[in-house]
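[1] Sharing a sequence plus its predicted fold:
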Amino acid sequence: MHPESGFLSAIIDHPEEDVHRLVWADWLEDQGRPEQATFVRAQVALARLDEADRSSDALFDTADDLLAQHEVAWLGDLAPLVLEPRWHRGCLEHVALTADRLLRDGDELFASAPIRSLRLLLNEGDVSALRECRHLRRIERLDVSVGPIPGVSGRWGPFHRDRVWQQLFDAPVWQRLTELHLNGQGIEGPLIRTLADTGLLARLRRLDLTGNHAFGPSGCRALLLAGAPCLEELNLLGTNLVTGNLETLLGAKTLPALRRLDVNLGVLARPVSRISDLLTLLADRQLTSWSFYETPLKTNTLQSLLESPQLANLTQLTLNNCRLAEAEIKALADCPQLVGLRYLNLGCNRLTDRSIIALAESPYLSGLTRLHLEGNAIGGPGIRALLNSPTLAGLRELDLSGNFLGTPACQALADSVQPRRLHSLTLRLGNIEAEGVRALMASPALSRLRSLDLSENRLGDSGVLALKSPPLGRLQRVLLDNNDINLQGAQALLDGKLPRLRQVSLRQANLTQEIREQLAARFQVTL
């Protein structure tokens with residue numbers, strides 16, 4: 001056996017233990033591979049830190065820079081086999097695969113890396129063979145959601161109902177599975193009973209049923225009757241639950257570990273008079289994530305929510321389309337119990353620059369790493385306040401879609417001279433033209449940016465021509481849908497002005513088949 005195979009075998013057998021990874025890093029150093037050794041050590045150290053810890057920035061940049069330079073070499077023969085590779089603690093741990101590729105090339109892939117997370121594309125005819133696939137015994141996180149993936153034409157996975165998934169999860173190959181994503185499938189309830197009968201439900205820590213519109217009262221009853229003692233996160237957004245189901249879920253003793261429940265609390269709690277009852281249930285459950293959508297929250301109602309004794313448990317808070325304005329945002333900004341918050345969604349409200357200035361001046365939001373403000377009325381002054389706020393200096397993800405952007409707001413984003421932590425910036429529907437793109441691309445404040453969404457603006461080919469580094473040399477993903485882009489713009493992407501660019505989305509672009517093929521050969525592209 002090659003010495004490196006021994007290190008990888010130890011990591012595969014004991015994936016949670018860092019010691020084997022660090023010993024492997026020492027061996028890599030001794031073998032004249034210092035870059036990979038540094039990468040492993042940086043990612044191991046990074047995994048031990050909270051996302052709000054700003055000392056993680058240097059580690060993240062080191063690991064990301066090394067991966068950008070060496071990923072193809074480190075993947076080696078695996079490079080043509082996998083889509084969507086993701087590395088964690090120094091190793092390849094997540095891939096996206098079609099079922100036939102898993103069955104054909106799984107031996108090579110799973111012998112070479114500690115794969116623990118899989119996004120799987122399967123047809124109904126694949127299920128019988130997958131039931132016998134020994135490589136699935138190592139999977140801890142499985143994603144079989146319906147949706148697009150760069151590099152695969154059409155939808156990611158055909159739509160299946162309970163019966164197909166019952167056949168798959170009734171197989172004895174899921175001993176390690178603790179996280180299951182079934183977004184957009186046709187789940188009603190029979191699958192839940194199968195998961196319970198096989199013992200899988202008792203081991204799951206995360207279950208995502210987003211967009212399963214047929215999942216309603218019967219599915220909820222099946223879940224509660226079976227019980228899920230380890231389940232910490234349950235996502236039921238876009239399902240067919242009713243108010244009684246919500247109250248039963250929040251009060252259920254068969255879900256003792258539940259800390260995050262994603263449902264449309266506002267819609268289920270109508271009329272608004274039920275909000276006070278809902279807050280009592282939320283407080284008793286001690287959830288770490290609250291989600292309100294389409295719920296008119298007046299100042300006094302919001303104040304009741306903010307006075308909940310369990311608010312200090314929150315790491316995520318969504319108040320989307322709740323008709324919030326300046327008075328409500330001021331109450332939110334003055335709430336000391338939000339100090340543990342990492343994610344805040346205030347999309348589709350009535351926020352103006354004055355509201356954002358109040359938010360930016362809050363001393364209690366220093367832990368925020370993700371902030372969504374789409375669909376409001378924010379312009380340059382609000383954006384300047386965000387980027388000059390010492391409290392919000394830790395943001396890694398910012399969504400400003402559908403606000404009063406244009407060139408002035410882009411210039412405001414670019415004005416800060418201090419590098420920001422931002423990794424993801426979304427500016428959809430912002431009336432942005434080429435001049436705004438040039439301002440963004442020249443900004444040293446955005447030097448850590450990896451993902452930029454400029455979809456549904458007014459870029460044209462000249463806007464794409466403005467996409468070049470430096471200083472945005474770390475940019476890996478650009479979304480340019482519905483921007484009146486033609487051959488010249490597409491050719492600009494192929495010219496290599498963004499050296500790390502991997503993913504491109506160009507829906508509604510006017511391109512020839514030849515250019516489409518060139519883009520597909522160069523990038524993970526969505527057309």
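    The structure has been received and is ready for your questions. Residues are numbered from 1 along each chain as shown.

[2] Just the pLDDT at Thr265, thanks.
    Quick fix: residue 265 is Leu, not Thr. Leu265 is assigned a pLDDT of 66 by the prediction.

[3] what's the answer for Gly347, then?
    For Gly347, pLDDT reads 96.

[4] mind checking the SS state of it?
    Three-state assignment for Gly347 (DSSP: H, G, I helix; E, B strand; the rest coil): coil.

[5] Just give me the neighbour total for it.
    Neighbour count of Gly347, defined by other C-beta atoms under 10 Å: 19. All C-beta spots, glycine's among them, are computed from the backbone N, C-alpha and C.

[6] Please apply the same query to Pro336.
    Around Pro336 there are 11 residues (other C-beta under 10 Å).

[7] How about Gly489?
    Applying other C-beta under 10 Å, we find 23 residues neighbouring Gly489.

[8] now do Val478
    Using other C-beta under 10 Å, Val478 is surrounded by 22 other residues.

[9] The one helix or strand it maps to pairs with which strands?
    For Val478, the host element (DSSP states H and E) is strand 477-479. Sheet partners assigned to strand 477-479 using DSSP bridges are listed as strand 451-453 (parallel), strand 503-505 (parallel).

[10] roughly how far out does the first one sit from the chain middle?
    Just to be clear, that refers to strand 451-453. 13 Å (C-alpha atoms, centre = their mean, to the nearest Å).

[11] What of the last one?
    Going by C-alpha atoms, centre = their mean, the spacing between the C-alpha centre of strand 503-505 and its chain's C-alpha centre is 16 Å.

[12] Which residues does it contact?
    150, 455, 476-481, 493, 519, 523-526 (C-beta atoms under 8 Å, 6 or more residues apart in numbering).

[13] Report the lowest-confidence entry in those residues.
    Within these, Pro150 has the lowest pLDDT, namely 55.

[14] which secondary structure elements does the helix or strand following the strand holding Val478 contact?
    Once the chain leaves strand 477-479, the next helix or strand it forms, by DSSP H and E, is helix 487-494. On a contact count with 3 or more C-beta pairs under 8 Å, 6 or more residues apart in numbering; DSSP states H and E, helix 487-494 meets helix 460-465, helix 513-522.

[15] Can you list the neighbours in contact with the first one?
    Counting contacts by C-beta under 8 Å, 6+ apart, the residues outside helix 460-465 that touch it are 432-434, 437, 454, 457, 480, 483-486, 488-490, 492-493.

[16] got the CA coordinates for the lengthiest helix in the chain in PDB?
    In the chain, with assignment by DSSP state H, the single longest helix is helix 56-75. Extracted as PDB, the C-alpha positions of helix 56-75 are listed here (Å, rounded to 0.1, in the frame of the first residue of the first chain):
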ATOM      1  CA  SER A  56     -10.800  33.200  10.500                       C
ATOM      2  CA  ASP A  57     -10.300  35.600   7.500                       C
ATOM      3  CA  ALA A  58      -6.600  35.000   7.000                       C
ATOM      4  CA  LEU A  59      -7.100  31.200   7.300                       C
ATOM      5  CA  PHE A  60     -10.000  31.300   4.800                       C
ATOM      6  CA  ASP A  61      -8.000  33.400   2.300                       C
ATOM      7  CA  THR A  62      -5.000  31.100   2.600                       C
ATOM      8  CA  ALA A  63      -7.000  27.900   2.100                       C
ATOM      9  CA  ASP A  64      -9.100  29.400  -0.700                       C
ATOM     10  CA  ASP A  65      -6.100  30.900  -2.600                       C
ATOM     11  CA  LEU A  66      -4.300  27.500  -2.400                       C
ATOM     12  CA  LEU A  67      -7.300  25.600  -3.600                       C
ATOM     13  CA  ALA A  68      -7.800  27.900  -6.500                       C
ATOM     14  CA  GLN A  69      -4.200  27.300  -7.600                       C
ATOM     15  CA  HIS A  70      -4.000  23.500  -7.000                       C
ATOM     16  CA  GLU A  71      -7.500  22.000  -6.900                       C
ATOM     17  CA  VAL A  72      -7.300  20.300 -10.300                       C
ATOM     18  CA  ALA A  73      -3.900  18.800  -9.400                       C
ATOM     19  CA  TRP A  74      -5.100  17.600  -6.000                       C
ATOM     20  CA  LEU A  75      -8.200  16.000  -7.600                       C
END
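
[17] Can you name the residues in contact with that helix?
    By C-beta under 8 Å, 6+ apart, the residues outside helix 56-75 that reach it are 35-36, 38-39, 42-43, 45-46, 49-50, 79, 82, 85, 87, 92, 421, 448, 450, 474, 476, 500.

[18] What about those, which are in strands?
    Using DSSP state E, Pro85, Trp87, Leu92 are the members of the contacts of helix 56-75 that sit in strands.

[19] Next, count neighbours for the second one.
    The one in question is Trp87. With other C-beta under 10 Å as criterion, Trp87 counts 19.

[20] Might you report the residue contacts of it?
    Per C-beta under 8 Å, 6+ apart, neighbours of Trp87: Gln43, Leu67, Glu71, Glu93.

[21] Which residues does it form beta bridges with?
    Taking DSSP bridges as the rule, Trp87 bridges to Leu92.

[22] if I look at it, how far off is Phe39?
    8 Å (C-beta to C-beta, to the nearest Å).

[23] Please identify which pair of the contacts of strand 503-505 lies farthest apart.
    Across the contacts of strand 503-505, the longest distance by C-beta to C-beta is 17.2 Å; it joins Gln476 and Asp481.

[24] if we can go back for a sec, right, and out of the contacts of helix 460-465, which lies closest to Arg131?
    Scanning the contacts of helix 460-465 for proximity to Arg131, where the rule is C-beta to C-beta, the winner is Leu480, at 41.5 Å.
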